[in-house]
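> Just the structure for this:
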Amino acid sequence: MINKWNVKSWQKDFLNMKSHSLADAKLLMGDVKGLKDAWRLGVLHVEYERLKKQIKQDQYS
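Below is the predicted model of the structure:
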């Protein structure tokens, strides 16, 4: 699967926010092969949203 990055891609943004395991980095770069990978990508998206929210709160504090 070829993933075409766009400017607002949450996966690319999340890769730059923190360090990830090799398996998670592969998923974030578009190497989703099944239901288990899709589920993990969903978990990573929730983590991304929480981290992004925390960063915004820290900026306004």
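
> contacts and neighbour counts: CA atoms only from here.
Will do.

> Flag the shaky bits of the chain, pLDDT-wise.
Within the chain, the segments meeting pLDDT under 70 span 1-8.

> can you give me the strands for this structure?
Shown for the chain, no strands are assigned by DSSP state E.

> max-length helix in it?
For the chain, the longest helix by residue count, based on DSSP state H, is helix 35-60.

> That one packs against which elements?
Helices and strands touching helix 35-60, by 3 or more CA pairs under 8 Å, 6 or more residues apart in numbering; DSSP states H and E, are helix 10-17, helix 22-28.

> Residue 58: which of those helices is closest?
Comparing the helices and strands packed on helix 35-60 by their distance to residue 58 (CA to CA), the top pick is helix 10-17, with 14.6 Å.

> Quick one: work out the angle between the closest one and helix 35-60.
For helix 10-17 against helix 35-60, the angle by axes from the mean of the first three to the mean of the last three CA atoms, to 10 degrees is 60 degrees.

> Distance from helix 10-17 to the middle of the chain?
5 Å (CA atoms, centre = their mean, to the nearest Å).

> Ok, stretch 24-41 next?
10 Å.
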